[in-house]
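Engineer: sharing a model that was predicted from the sequence below.
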Amino acid sequence: GDSVTQMEGPVTLSEEAFLTINCTYTATGYPSLFWYVQYPGEGLQLLLKATKADDKGSNKGFEATYRKETTSFHLEKGSVQVSDSAVYFCALSLNKFYFGSGTKLNVKP
Amino acid sequence: GAGVSQSPRYKVAKRGQDVALRCDPISGHVSLFWYQQALGQGPEFLTYFQNEAQLDKSGLPSDRFFAERPEGSVSTLKIQRTQQEDSAVYLCASSQPAGAPDTQYFGPGTRLTVL
């Protein structure tokens, strides 16, 4: 079946460190891929998306590239800030949305 | 503009009680989704509406769960005879296009605790 697997957290980094959160997917068709973020005490917000293979989504310094050959959509940021501390969810969309279990990111000053 | 709103934000129920959770989607959004999010997990799909039609209810865990959207706007998720395993955050999301879901806009959720 369709599913998303993302790396378990928590991930703890110092400010200005490089971030990678891995996400791989299994899909019966050609999904759109998303990263959602949930800041403490807030609802889920769209961070970025990509709708077809080789597309790169980007927002707020975060990037992810839709890799069909490796069925991956890894999230990266070159220099994290304390304000990036949140839970990050990878998701795919076919006829409905499937979410990963979330990765908590803690950024220390 | 107004986003997706949900009420109540918190609900405590005794086991066996019925509960009703409300979702007000973004005005004009055709598609509406309900999700269940257990502690430390990602949202899991429950059901999907396109306008007033419930097109997919494959994620509803049992016949105690029922959802409706009678006028194609506000939606209610009802859980009958609540059980402790129903404790979770219930999320509502809406999306403008019909058909294959695009970007979804999420509400803040209703945290249900069943004692």
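Structural biologist: In hand now; what should we look at? Numbers count the residues shown, from 1 in each chain, chains lettered A, B, ... in the order given.
Engineer: A:Q45: what's it in contact with?
Structural biologist: With contact taken as CB atoms under 8 Å, 6 or more residues apart in numbering or on different chains, A:Q45 is in contact with A:36-39, B:106. In this view, the C-beta of every residue, glycine as well, is placed from N, C-alpha and C.
Engineer: for chain A, which residues are neighbours of chain B?
Structural biologist: Residues of chain A lying close to chain B by CB under 8 Å from any CB of the partner chain are A:4, A:32, A:34, A:36, A:42-46, A:49, A:89, A:91, A:93-102.
Engineer: again, 10 Å this time
Structural biologist: A:4, A:6, A:9, A:29, A:31-32, A:34, A:36, A:38, A:41-46, A:49, A:51, A:87, A:89-91, A:93-104 (CB under 10 Å from any CB of the partner chain).
Engineer: for the helix or strand of chain B with the lowest mean pLDDT, name the packing helices and strands.
Structural biologist: The weakest-scoring helix or strand in chain B, judged by mean pLDDT, DSSP states H and E, is strand B:105-106 (a mean of 91). Applying 3 or more CB pairs under 10 Å, 6 or more residues apart in numbering or on different chains; DSSP states H and E, one finds that strand B:105-106 contacts strand A:44-50, strand B:88-95.
Engineer: give me whichever of these is most buried.
Structural biologist: strand B:88-95 (a mean of 24; mean count of other CB atoms under 10 Å in any protein chain shown).
Engineer: show me what secondary structure element comes after the helix or strand where B:L21 lies.
Structural biologist: For B:L21, the host element (DSSP states H and E) is strand B:19-24. In the C-terminal direction, the helix or strand that comes right after strand B:19-24 (DSSP H and E) is strand B:31-37.
Engineer: next, the angle from that following strand to strand A:44-50.
Structural biologist: 110 degrees (axes from the mean of the first three to the mean of the last three CA atoms, to 10 degrees).
Engineer: centre of the chain to stretch A:36-51, how far?
Structural biologist: Here the centre of stretch A:36-51 is set off from its chain's centre by 9 Å, with CA atoms, centre = their mean, to the nearest Å.
Engineer: mean confidence for that stretch?
Structural biologist: Mean pLDDT, stretch A:36-51: 92.
Engineer: check the separation of the first and last residues in it.
Structural biologist: 15 Å (CA to CA, to the nearest Å).
Engineer: what sits against the residue in chain B positioned nearest to chain A?
Structural biologist: Chain A sits closest to B:G42 of chain B, with a gap of 3.4 Å, by CB to the nearest CB. By CB atoms under 10 Å, 6 or more residues apart in numbering or on different chains, the residues touching B:G42 are A:4, A:6, A:36, A:38, A:44, A:87, A:89-91, A:97-103, B:35.
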